[in-house]
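A.B. asks: 3D model of this:
(chains A and B)
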Number of protein chains: 2
Amino acid sequence: MVRALSVTALGLLALLCWFTCEPVQAGKILVTPMDGSHWLSLKILVEELSQRGHEVVVLVPETSILIGSSGNYITKSFAVPYTSAELNFNLNNVRKQALEKPPDIRSLFTNFGNLVKFVNLQVKGCEMLLYNETLMKSLGETGFDALLSDPFLPCGTIIAQKFSLPTIYFLRGIPCRLDEAAAKCPSPPSFVPRFFTGYSDKMSFAQRINNVIMTTVEPFLCQTMFATFDELGSRYLKKDTTYKELLSHGAIWLLRYDFTLEYPKPIMPNIVQIGGINCAKRDPLSKELEEFVNGSGEHGFVVFTLGSMVSKLPEAKARVFFEAFKQIPQRATDTDAVDLSFQFLPHPEPQAPEVFQRVSTRVSRPPRWMQGHPKVKAFITHGGSHGIYEGICNGVPMVMLPLFGDQGDNVQRLVSRGVAESLSIYDLSTEKLLVALKKVISEKSYKEKMTKLSAIHRDRPIEPLDLAVFWTEFVMRHKGAEHLKPAAHELNWIQYHSLDVIGFLLLILVTVIFVTVKSCMFCFRKCFRKTQKKKKE
Amino acid sequence: MVRALSVTALGLLALLCWFTCEPVQAGKILVTPMDGSHWLSLKILVEELSQRGHEVVVLVPETSILIGSSGNYITKSFAVPYTSAELNFNLNNVRKQALEKPPDIRSLFTNFGNLVKFVNLQVKGCEMLLYNETLMKSLGETGFDALLSDPFLPCGTIIAQKFSLPTIYFLRGIPCRLDEAAAKCPSPPSFVPRFFTGYSDKMSFAQRINNVIMTTVEPFLCQTMFATFDELGSRYLKKDTTYKELLSHGAIWLLRYDFTLEYPKPIMPNIVQIGGINCAKRDPLSKELEEFVNGSGEHGFVVFTLGSMVSKLPEAKARVFFEAFKQIPQRATDTDAVDLSFQFLPHPEPQAPEVFQRVSTRVSRPPRWMQGHPKVKAFITHGGSHGIYEGICNGVPMVMLPLFGDQGDNVQRLVSRGVAESLSIYDLSTEKLLVALKKVISEKSYKEKMTKLSAIHRDRPIEPLDLAVFWTEFVMRHKGAEHLKPAAHELNWIQYHSLDVIGFLLLILVTVIFVTVKSCMFCFRKCFRKTQKKKKE
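C.D. replies: All right, here's what the predicted structure looks like:
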């Protein structure tokens, strides 16, 4: 009865909205995406905005990994000074680093070095875009209402400044926590673990020390990472600026997490959580995949991916997975590009046809949402935020093999919630994989905890995609979201932390104490002398 | 077209919800309200929950100002050790203080003193409730799913602990900022003005100093204010506890503001803004009021209230308003209880009948939503949060006369946004009132800014009442909202601010410097001696 009432209420709300809601004017949105897996969820929002009647223009570098054109939105491509080969070389380094070396303190620096190289490459692309006069002129003349930008790449913020566009950011986070710094969001290091530390929100004293040190180091990391961009921004806009300063003009931050993945922490009024935005789409399965799924019977199947960036595994690594999949009663398939069957087909083994039928899907690549199919018993993943949310949305326990970026932290979060097991890819063996797989599949607690987490995640007043669309349109309607911008933006670091006030109050305190003590000593001496004089007399 | 799509989408969402949404089980909710105007909006949520099929039990003190029984929910009354006269005496003191004395530093202390007296009175009531064994036994046996509590009065938190009930708080804020402290919400004093200061979010250095001092004083104010309750809580629960500690167990904080009233500031994941929740209801007007409204013509009318706590004005004060209303082209009416006509009827003046028709509504009391009627040209208010939101919801500029509590701060917020004028009630004259009234009615900027503020306020993805219901039901479904609770609750004050870590790092730094300097001096001395020796040789 209550459910009926709720549905009726929502229906009535829809009807009421027809008469009372702020009418949504179709507008023009410029999109500056980040290439690679980041694009996967931004694309969902872009397509939705387009379907709601807005004119969406996406800026695409000519050398792009994943961003393609579409009938749903307009793309404008721009030349970049690097080739696909150069881009891939950079990415291959990242992959190699992740797959073959044990994670240690050096990997942090190597990761960071790779990140800086990647950013520098993109800054070169950005420069080409900004100084592409024809394109920039046409963009300027279009009269956009807002800019939708993935701020992992800084180019959007310069364009926003150039054309005075209110901006909506769409991201999972910037590694050196520049997003929180730019949004003036407090982030106490006592319970908000820093990127790459792998800590939970409950830290030991030693971990808190490291976390505070990391907090102190972060601004310098940011400075190094975006140094070339700071220079480009200042040069192009003809004023002394930094990426942090440009970022701080953002109207709304759409953050691709919620508190089933992330630990609870302070947020700002213009930070909106849209974790799970990528779970919505459910294209139908191909006939072959339907057969694969139905044929898996009561045992179901496991899904394997190392993300859109790992398209091929070294043979030895691939064999580890293949051997493990042969020994479990579940069927196995892979989304993304790690096509085990493709790798193993040239080497048929005696049991190949049967295993092939169980392990692979030759013709059609399974869609990503297969990661959360109701019959999936476990999901083997690198811990990218998209895959993780497919798992959370559908309550699938995971075996996780973090590679780089935020993945180590993501994995830590799910392991600490008891819904996943973590393994290292670099020294992975079939036995280790089998132990972990059997654990998450047969031990009930994993599935139970994941089902609970999933229920909490899905129990929300409004869907993440609708929320993202709402706030994008809000910014378009009101030319920003000024009422959500804290006055902290007008304070420098010392003022923000009230250090000037504390210093001033301490100074007064010290002065008062000093004067009091001196006065007392003076009086004491006077009295003492008088007493001595009297004694002498 | 786009609007049609949005509505269709919402409709589809409603349909989809039928199949996918977490089914809402009808549950049992215990409500511990705060008397007076606080009840006005909590009542809206209580009635809505009841209409959605939940069994709602409201605990009502026998001596109550506004909380009454209703067919929509169950009330359980309990004896209290004070009479209506005693309660009114206390409230009269507050009124008198506000109406007749100029606001200065002493009024802060007097206000605070009155508050402490009020809390102490309520604590006595709470004690009677807790030791009312029959009632408590019956409550314990009911098996409630959640407690909905206005934490301005502390009793609810003890009951929640006693029966292990997950709790939803419903409030505008606790004067000494105990709500933010209990929710572990950072609140930098550099841009978050403290209660009673009347500062905006943009403070001068001197104001920031005062704000920091106020921040330091707040915990002691809280301690004083709730001292009797700390004692009662500890005694009843048989463990050493404080109100802050008990409050910190709350699952969700429903806060009756949004950022069209409040300045943007950090929030926590379990803080939900439901500002404007009181604007929804629109009961039809009586025939007499319809005539009053329609008869006001193009000039419209002004509405006057000093809140539910001021039922009668001293004659001199009332005359100030009456005289002003006679001189403006707008008609005037009053909601709440300041019935000017009633006060002036015993003294008929020559123009009384005509003025009476223009100024008053004798038979039926205008409903509160008249404060935001489309034909209202200005709203004269004391700045209570309910009236303010009626004004914001409907875009009505205001003339504000703050009396006590959060009203001074509320008024400051609206004046700083250019949508209201502020006056002091204690030295109010007809001339001053006329100037302010004419200003907000005829100067376009007030109406324009208010219309913009209103548009922003009403442009939200979900209505505040639906949001409040959602989170209440969420807490009932999941027995709390543990995933939104920050780990900060496990840290003490020193740990939360990382003072132990900073101290430790400073100690190491000092030690390293000390050892380095000592070593250098040692080496220097060694070398120096050798050189001297050589020289001597």
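
A.B. asks: Next, work out how far apart A:Q371 and B:V512 are.
C.D. replies: 50 Å (Cβ to Cβ, to the nearest Å). C-beta: built from backbone N, CA, C; applies to glycine.

A.B. asks: out of the two, which sits in the busier spot?
C.D. replies: A:Q371 (29 against 10; other Cβ atoms under 10 Å in any protein chain shown).

A.B. asks: who's in contact with the residue lying closest to that one once chain neighbours are set aside?
C.D. replies: Excluding its sequence neighbours, the residue lying closest to A:Q371 (Cβ to Cβ, 6 or more residues apart in numbering or on different chains) is A:E390, at 4.0 Å. Neighbour list for A:E390: A:N278, A:C279, A:R368, A:W369, A:Q371, A:G372, A:F379, A:V396 [criterion: Cβ atoms under 8 Å, 6 or more residues apart in numbering or on different chains].

A.B. asks: all helices in the stretch 401-537 of chain A, in order from the N-terminus.
C.D. replies: A:407-416, A:430-442, A:444-458, A:464-478, A:493-496, A:499-536 (DSSP state H, counting those that start in this stretch).

A.B. asks: oh sorry, the question was meant for the stretch 251-400 of chain A
C.D. replies: Using DSSP H, counting those that start in this stretch, helices in the stretch 251-400 of chain A cover A:287-294, A:315-326, A:340-344, A:352-359, A:385-394.

A.B. asks: Least confident of these, on average?
C.D. replies: For the helices of the stretch 251-400 of chain A, the weakest mean pLDDT is recorded on helix A:340-344, namely a mean of 46.

A.B. asks: Switch the contacts of A:E390 over to JSON lines; also include distance to B:R208.
C.D. replies: What follows is the contacts of A:E390, written out as JSON lines (distance: Cβ to Cβ, whole Å):
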{"residue": "A:N278", "distance to B:R208": "43"}
{"residue": "A:C279", "distance to B:R208": "45"}
{"residue": "A:R368", "distance to B:R208": "51"}
{"residue": "A:W369", "distance to B:R208": "52"}
{"residue": "A:Q371", "distance to B:R208": "51"}
{"residue": "A:G372", "distance to B:R208": "50"}
{"residue": "A:F379", "distance to B:R208": "51"}
{"residue": "A:V396", "distance to B:R208": "51"}
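
A.B. asks: Narrow those to those in strands?
C.D. replies: When DSSP state E is applied, the contacts of A:E390 are split such that A:F379 fall in strands.

A.B. asks: Contact residues of the stretch 401-537 of chain A facing chain B?
C.D. replies: Residues of the stretch 401-537 of chain A lying near chain B by Cβ under 8 Å from any Cβ of the partner chain: A:453, A:455-456, A:458-459, A:461-463, A:466-467, A:470-471, A:474, A:477-478, A:483-488, A:490-491, A:495-498, A:500-502, A:504-505.

A.B. asks: how about low-confidence regions in the stretch 251-400 of chain A?
C.D. replies: The model of the stretch 251-400 of chain A has pLDDT under 70 over residues A:280-281, A:311, A:336-365.

A.B. asks: what's the neighbour count on the residue of the stretch 301-450 of chain A at minimum distance from chain B?
C.D. replies: Residue of the stretch 301-450 of chain A nearest chain B, by Cβ to the nearest Cβ: A:R417 (9.0 Å). Residues near A:R417, counting by other Cβ under 10 Å, number 17.

A.B. asks: try A:K244
C.D. replies: 19.

A.B. asks: Could I get the contacting residues of it?
C.D. replies: A:L178, A:A181, A:A182, A:C222, A:F226.

A.B. asks: Over to A:K124?
C.D. replies: A:V80, A:P81, A:Y82.

A.B. asks: Name the SS class of the first one, please.
C.D. replies: Going back to what we said before, that points to A:V80. coil (DSSP: H, G, I helix; E, B strand; the rest coil).

A.B. asks: Is the nearest residue to it once chain neighbours are set aside part of a helix or strand, or is it coil?
C.D. replies: Once flanking residues are discounted, A:V80 sits nearest to A:G125: 3.8 Å by Cβ to Cβ, 6+ apart. Recorded secondary structure, A:G125: helix (three-state DSSP).

A.B. asks: For A:G125, which residues are in contact?
C.D. replies: A:P61, A:T63, A:F78, A:V80, A:P81, A:Y82, A:C155.

A.B. asks: Compile these into a markdown table and extend it with columns for pLDDT and distance to A:K162.
C.D. replies: Shown next, in a markdown table, are those (pLDDT from 0 to 100; distance: Cβ to Cβ, whole Å):
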| residue | pLDDT | distance to A:K162 |
| --- | --- | --- |
| A:P61 | 90 | 18 |
| A:T63 | 82 | 23 |
| A:F78 | 92 | 15 |
| A:V80 | 89 | 19 |
| A:P81 | 88 | 20 |
| A:Y82 | 85 | 23 |
| A:C155 | 92 | 11 |
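
A.B. asks: Quick check: phi and psi on the most centrally placed residue in chain A?
C.D. replies: By Cα atoms, centre = their mean, chain A has its centre lying nearest to A:R172, at 1.8 Å. Here is the backbone geometry of A:R172 (degrees, to the nearest 10): phi -100, psi -20.

A.B. asks: rewinding a little: could I get the contacts of A:K244 in JSON lines, plus columns for secondary structure and neighbour count?
C.D. replies: Converted to JSON lines, the contacts of A:K244 look like this (DSSP: H, G, I helix; E, B strand; the rest coil; neighbours: other Cβ atoms under 10 Å in any protein chain shown):
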{"residue": "A:L178", "secondary structure": "helix", "neighbour count": "25"}
{"residue": "A:A181", "secondary structure": "helix", "neighbour count": "18"}
{"residue": "A:A182", "secondary structure": "helix", "neighbour count": "24"}
{"residue": "A:C222", "secondary structure": "helix", "neighbour count": "21"}
{"residue": "A:F226", "secondary structure": "coil", "neighbour count": "25"}
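
A.B. asks: what sits against the residue of the stretch 401-537 of chain A found nearest chain B?
C.D. replies: Nearest residue of the stretch 401-537 of chain A to chain B, counting by Cβ to the nearest Cβ: A:A487, 3.8 Å away. A:A487 sits next to B:F191, B:S200, B:D201, B:K202, B:Y263, B:P264 when contact means Cβ under 8 Å, 6+ apart.

A.B. asks: looking at it, the third one is touching B:S190, isn't it?
C.D. replies: Read it as B:D201. No: with contact defined as Cβ atoms under 8 Å, B:D201 does not reach B:S190; the gap is 9.4 Å.

A.B. asks: Which one's more surrounded, the two?
C.D. replies: B:S190 (21 against 18).

A.B. asks: How about the contacts made by whatever residue of the stretch 201-350 of chain A ends up closest to chain B?
C.D. replies: Proximity of the stretch 201-350 of chain A to chain B (Cβ to the nearest Cβ) peaks at A:D201, 3.7 Å away. Counting by Cβ under 8 Å, 6+ apart, A:D201 makes contact with A:F191, A:V192, A:P193, A:Y263, A:P264, A:K265, B:P486, B:A487.

A.B. asks: Of those, which is the most crowded?
C.D. replies: A:F191 (27 neighbours).

A.B. asks: for that residue, helix, strand, or coil?
C.D. replies: coil.

A.B. asks: correct me, but it touches B:S498?
C.D. replies: No: counting by Cβ under 8 Å, A:F191 stays clear of B:S498, with 9.8 Å between them.
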